[in-house]
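Peer 1: Below is the structure, and that's it, no one-letter string:
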């Protein structure tokens, strides 16, 4: 580079941003380690970016789960459950509304108990479709399970409510 000899400028905002993000990520790692009872490593460079201390969260929640399914209970009464493998997230709100988000951009919504279940496609758009809750047999000798389901151009979509497993049946063309 002309006049710079390939050296970085002190006030480069991109470099400052990257250094700040490195410091923030280090702090997040330290907080995570401290929450697990592991002492964070001693800092090696005291001249690095300023350290940020996370002392409070705006969205307090309790998290529980077995690794496959995570459930968060928020202070406002909202309960969010996620199946990590399928990518399905179900959120039940204190007002009785229900949101079920599928990994591929579809959303099932119920405004209140007793109201219709509507399926929306946030990727391709279009009018909402009516969804249903039914008892479904997924295996020949298994007990029936409650599932939400709806049909669109891609097939019939099922979300098993207990586990949040996702299934799609397509028709041969």
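Peer 2: Sure thing, it's come through. Keep in mind that this is a model prediction, so the values were computed, not measured.
Peer 1: and the closest residue to residue 167 other than its chain neighbours, what is it in contact with?
Peer 2: In space, and not counting its chain neighbours, residue 167 is closest to residue 158: 4.3 Å by Cβ to Cβ, 6 or more residues apart in numbering. C-betas here are computed from N, CA, C, even on glycine. Listed by Cβ atoms under 8 Å, 6 or more residues apart in numbering, the contact set of residue 158 reads 136, 138, 147-149, 166-169.
Peer 1: swap in residue 169?
Peer 2: Going by Cβ under 8 Å, 6+ apart, residue 169 touches 155-156, 158.
Peer 1: can you give me the helices for the protein?
Peer 2: Applying DSSP state H to the chain gives helices spanning 13-35.
Peer 1: That one: strands as residue ranges?
Peer 2: Secondary structure of the chain (DSSP state E): strands located at 61-65, 69-74, 79-83, 89-92, 98-101, 106-110, 117-121, 129-136, 145-152, 155-160, 166-169.
Peer 1: Of those, which shows the lowest average pLDDT?
Peer 2: For these, the weakest mean pLDDT is recorded on strand 61-65, namely a mean of 53.
Peer 1: Find me whatever residue is spatially closest to residue 149, sequence neighbours aside.
Peer 2: Closest to residue 149 by Cβ to Cβ, 6+ apart is residue 158, at 4.6 Å.
Peer 1: so how far is residue 71 from the one you found?
Peer 2: 21 Å (Cβ to Cβ, to the nearest Å).
Peer 1: now residue 38
Peer 2: 25 Å.
Peer 1: Surely residue 129 is in contact with residue 148?
Peer 2: No: look at residue 129 against residue 148 with Cβ atoms under 8 Å: they stay out of range, at 11.9 Å.
Peer 1: per the record, what domains does the protein have?
Peer 2: 9-55, 61-169 (automatic domain parsing).
Peer 1: most tightly surrounded among these?
Peer 2: Scoring the domains of the chain by mean neighbour count under mean count of other Cβ atoms under 10 Å gives domain 61-169 as the most buried, with a mean of 14.
Peer 1: before we move on, the earlier item: which one of the contacts of residue 158 is nearest residue 95?
Peer 2: Taking Cβ to Cβ as the measure, residue 95 lies nearest residue 148 of the contacts of residue 158, at 19.0 Å.
Peer 1: What are the phi and psi values at residue 170?
Peer 2: Torsion angles at residue 170 (phi, psi; degrees, to the nearest 10) stand at phi -110, psi 150.
Peer 1: tell me the pLDDT at it?
Peer 2: As predicted, residue 170 sits at a pLDDT of 84.
Peer 1: Report the spatially closest residue to it, excluding sequence-adjacent ones.
Peer 2: residue 155 (3.9 Å).
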